[in-house]
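A.B. asks: no FASTA, just this:
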Ligand code: SAH
């Protein structure tokens, strides 16, 4: 089975590549793709660069050029739910685009004709993640992740996103990945460890916790691979 593991920033995939140790590097479309073998799995790792467009481009390359049959995303996010704290893990039950807005024409936020507001994550991968968390004694929350091309560091904006989409966390790539995987029929799983609370000190917290939270997320994804490998 071929599995893609994607991050947005180099910091998010570095702990993965460090754990894997050996890999080959291939360049395509101004980006690098790292291919390796992990037990009986063929794995391809890449970071997309920040934002929905980069994320969608990389997800389609991972699927169409590298033949990924499942896509796992590992990275950091801002907390929207008060129950999520720095370093804690959240798996997306589904993803929305909070900055997609043609409400002027009577459509709901996050919707364009022939589309849908919420793209749901793959149930089987979510259940593998829950089993992984249980077996490791780790807490894994599950909720809607809201994606947009903005770093959110303002309480009022965060509250609006929480209220409008019933979101638990916020980031800048997940919905782009979800859209591509959904359209191409590839099961996906988006995991984030919290780096900040999307509030006035989010920029500061993000810099402080990017590395540690990226590692928490990457370690969990590698534990999931053990189960995927057996499934
Ligand atoms: N410091 C970086 C920019 C980081 S942008 C630089 O200067 O290059 C934030 C990244 O982390 C995005 O990839 C996004 O997915 C995630 N993220 C973490 N906290 C976020 C928040 N509060 N709002 C939006 N995205 C957030």
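C.D. replies: That came through, no problem. A quick note: this is a predicted structure, and the numbers were derived from the prediction, not measured.

A.B. asks: who in the chain is up against the ligand?
C.D. replies: 8-9, 50, 76-78, 151-153, 170-173, 195-196, 198, 202, 206 (C-beta under 6 Å from any ligand atom). Any C-beta I mention is one placed from the backbone N, CA and C, and that applies to glycine too.

A.B. asks: most proximal residue of this protein with respect to the ligand?
C.D. replies: Per C-beta to the nearest ligand atom, residue 78 is where the chain lies closest to the ligand, at 2.6 Å.

A.B. asks: in strands only, show me the residues of the chain next to the ligand.
C.D. replies: Among those, the residues falling in strands (DSSP state E) are 76, 77, 78, 170, 171, 195, 196.

A.B. asks: helices of the chain, start to end?
C.D. replies: In the chain, the helices defined using DSSP state H lie at 10-20, 52-64, 123-136, 155-165, 174-184, 202-230.

A.B. asks: list the buried residues of the second one.
C.D. replies: Which is helix 52-64. 52, 54, 55, 56, 57, 58, 59, 60, 61, 62, 63 (16 or more other C-beta atoms under 10 Å).

A.B. asks: the fourth one touches residue 181, doesn't it?
C.D. replies: By that I understand residue 56. No. At 9.9 Å, residue 56 does not count as touching residue 181 under the criterion of C-beta atoms under 8 Å.

A.B. asks: just to revisit the earlier point, would you list the buried entries among the residues of the chain next to the ligand?
C.D. replies: Buried among these (16+ other C-beta under 10 Å): 8-9, 76-78, 151-153, 170-173, 195-196, 198, 202, 206.

A.B. asks: just to revisit the earlier point, just the helices of the chain: most buried one?
C.D. replies: Highest mean neighbour count of the helices of the chain: helix 174-184, a mean of 24 (counted as mean count of other C-beta atoms under 10 Å).

A.B. asks: now that helix: average pLDDT?
C.D. replies: For helix 174-184, the mean per-residue pLDDT is 98.

A.B. asks: give me the angle between that helix and helix 52-64.
C.D. replies: 40 degrees (axes from the mean of the first three to the mean of the last three C-alpha atoms, to 10 degrees).

A.B. asks: who's in contact with helix 174-184?
C.D. replies: Residues outside helix 174-184 that contact it (C-beta atoms under 8 Å, 6 or more residues apart in numbering): 6, 51-56, 59-60, 63-64, 71, 73, 92, 94-97, 119, 121, 145-147, 186-188, 190, 192.

A.B. asks: fine by me, thanks again.
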